[in-house]
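In: Generate a structure from the sequence data that follows.
(4 chains)
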There are 2 protein chains.
Amino acid sequence: MRFDVLAEPARRRILDLLLERPRAVGELTELLGLSQPGTSKHLRVLRDAGLVAVRKDAQRRWYELRPEPLAEIDAWLTPYRRLWSRRLDALERHLDTMEDT
Amino acid sequence: MRFDVLAEPARRRILDLLLERPRAVGELTELLGLSQPGTSKHLRVLRDAGLVAVRKDAQRRWYELRPEPLAEIDAWLTPYRRLWSRRLDALERHLDTMEDT
DNA sequence: GTCGAATATACGCCGATGGTTATATACGCG
DNA sequence: CGCGTATATAACCATCGGCGTATATTCGAC
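Out: Residues are numbered from 1 along each chain as shown, chains lettered A, B, ... in the order given. Predicted coordinates:
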C-alpha cells in the first residue's frame, strides 16, 4: 500500500472517524469542514487503497473501515520497532538504577 | 511526527539503508541513484524529523538512524491493529474449520 | 594560502495534489 | 415524468515538493 495515502491529514481523520462506526459522505463532509466534492475525492483515494468500502443505501453511501492494508505499514515498521524498544528498555533499566541510588 | 516525511520512497529507502549501519552522504547518493544535492535534501528532512542524526568526520557526514519518532506511527496504528488482527483470527479459525472437513 | 574532496544551500522547473465551483448521475417520492 | 436529495466526476487553479544545475562552505593535504 502507498504511504502517501496516509500522508494527507484529512484522510487519516476520515479513517479515525470510521474507526468508531460507518458514516455517510454528508456526515464526513460536515465533520471534516471541507466541501462535499473534496470529501468524495479523499474517499476515492482511500477506496482505491482498499482502506474503506462502500455500501449503497438509496442515495446514501455508507463508508466503512477496511484496516487490512495498514498491516503493510505495520510490517514496514517491524525492523525499526526492535530498535526503539531496545532503547526504551535501556532507558527503563537506567531509570530503575537511578531509583535505587 | 509528520507522516509525509515517510511518504517519500527515497526517504524510506534511506532509513532502510541506515538500518544496517551508518553511512556517508556519498554512499547514499550512489545507492539511491540520485544527485548528491537531492540526497542531502532528503537527509535534511529526515534530520528535521529527528529520524537521523549526523556525526562529522572531516568532510564526511555520517548519518545514523534514530528510530524513536517512528513510535508515533506505531501509536497511531494501535487502534487499527486490533481490528485487522481480529479479522485475521477469524480467518484462521475459518481455515482451521475448513481443514477439519 | 591554494587545491580538491565532501557536503550543504540557492534557485528554477515541472508534475502532482488538494481545494473549490459547476455539472452529471442515481435514487426515492409524488 | 419531474423534483429534491445525496454523491461522484469534471474542470480549473494555486501551491508544494522533488528533481537537477550551479554555487557556497568546510576541511585536510600539500
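In: Only C-alpha atoms from now on, for both contacts and neighbour counts.
Out: Will do.
In: What is the burial count for A:Pro15?
Out: For the record, residue A:15 is Leu, not Pro. The local packing of A:Leu15 (other CA atoms under 10 Å in any protein chain shown) involves 23 other residues.
In: Torsion angles phi and psi at it?
Out: phi -60, psi -40 (degrees, to the nearest 10).
In: if I read this right, it contacts A:Leu65, doesn't it?
Out: Yes. If you go by CA atoms under 8 Å, A:Leu15 and A:Leu65 touch, sitting 6.8 Å apart.
In: give me every residue that touches A:Leu6.
Out: Applying CA atoms under 8 Å, 6 or more residues apart in numbering or on different chains to A:Leu6 gives the contacts A:12, B:3-4, B:7.
In: let's see it at 10 Å
Out: Taking CA atoms under 10 Å, 6 or more residues apart in numbering or on different chains as the criterion, A:Leu6 is in contact with A:12-13, A:15, A:45-46, A:49, A:51, A:70, B:3-4, B:6-7.
In: In terms of residue numbering, what are the domains of chain A?
Out: As given by the TED database, the domain ranges for chain A are A:1-65, A:68-100.
In: shared neighbours of A:Leu15 and A:Leu65, anything?
Out: By CA under 10 Å, 6+ apart, A:Leu15 and A:Leu65 have these common neighbours: A:22, A:46, A:51-52, B:80.
In: Where neighbours are concerned, which of the residues you listed has the most?
Out: Most neighbours among those, by other CA under 10 Å: A:Val52, with 23 neighbours.
In: Who does that residue form a beta bridge with?
Out: Counting by DSSP bridges, A:Val52 forms beta bridges with A:Leu65.
In: Now do the strands for chain A: every range, in order, please.
Out: Using DSSP state E, the strands of chain A run over A:23-24, A:52-57, A:60-65.
In: ok, which stretches of chain A are helices?
Out: Ranges of helices in chain A, per DSSP state H, are A:4-7, A:9-20, A:25-32, A:36-48, A:70-100.
In: Could you list the buried residues of the second one?
Out: It stands for helix A:9-20. In terms of neighbour count (16 or more other CA atoms under 10 Å in any protein chain shown), helix A:9-20 has its buried residues at A:10-12, A:14-15, A:17-19.
In: cool, the fourth one as well?
Out: Of the residues in helix A:36-48, those with enough neighbours to count as buried (16+ other CA under 10 Å) are A:39, A:42-43, A:46-47.
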